[in-house]
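model this:
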Amino acid sequence: PFTVEGHSDEKKKDTITFKKRIDPEVPDSLKLLYEAVICADTDPESILKHDQQFSKLQVELDLDSIIKRKSFYDATLSPTLKEHWRSTRQEAPLNFDYATLTIAQFNEAREYFIMKFMPRSTAADTRKWLLYSVRKPRQMSVHHFVDRIHEICALFAYMPRPRPNQPR
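You can find the predicted model right below:
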């Protein structure tokens, strides 16, 4: 499970910026800027936050094609994690050809990629920890503690499914 005490936003992280035209039909239209953190950490929480960030970008940037999704996913991974991502797609039971990858296969590969860094029981273990063991540290304010619990709960949707065939 995740720790409450280990939370720190002070670290400066590498980011990548994406631009999207407000009106794609007009070449000189204003552009919206989207910033994404490049994931370089193999900590389970960092991997889940990366997947959460990707899901938000997928909606905000209209990543409707597999080509766009693959390129944006690759762009937000550090070189080391890109190697893990490439090896995940080629491992059994996936063994996907990256050139002909479908959106469903891409999503399945993302879940296996997440499972490289955490067990399938992460969601159940975290739920048990939140229900029975979590305690507010003395040095943390109640407001920050509640914010941290909400942050951890928001990651449940990105954790591996407890059973392989269970829908998200």
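
any idea which residue sits dead centre in the protein?
Asp51 (1.4 Å; C-alpha atoms, centre = their mean).

Pretty sure Gln53 is one of the things Phe18 touches, is it not?
No - Phe18 is beyond contact range of Gln53, at 11.6 Å (criterion: C-beta atoms under 8 Å). C-betas here are computed from N, CA, C, even on glycine.

Can you pull the residues that touch both of these two?
Common contact partners of Phe18 and Gln53 (C-beta atoms under 8 Å, 6 or more residues apart in numbering): Ala36.

thinking again about what came up before, so what's the residue nearest to the centre of the chain closest to, chain neighbours aside?
Tyr158 (4.4 Å; C-beta to C-beta, 6 or more residues apart in numbering).

got a list of what the one you found touches?
Neighbouring residues of Tyr158 by C-beta under 8 Å, 6+ apart: Leu48, Asp51, Gln52, Ser55, Ile114.

and the longest helix for this structure?
Taking DSSP state H as the criterion, the chain has its longest helix at helix 44-60.

Give me the contact list for it.
With contact meaning C-beta under 8 Å, 6+ apart, helix 44-60 is reached by 2, 18, 20, 34, 36-37, 39, 41, 63, 69, 72-73, 76-77, 110, 113-114, 117-118, 122, 154-155, 157-159.
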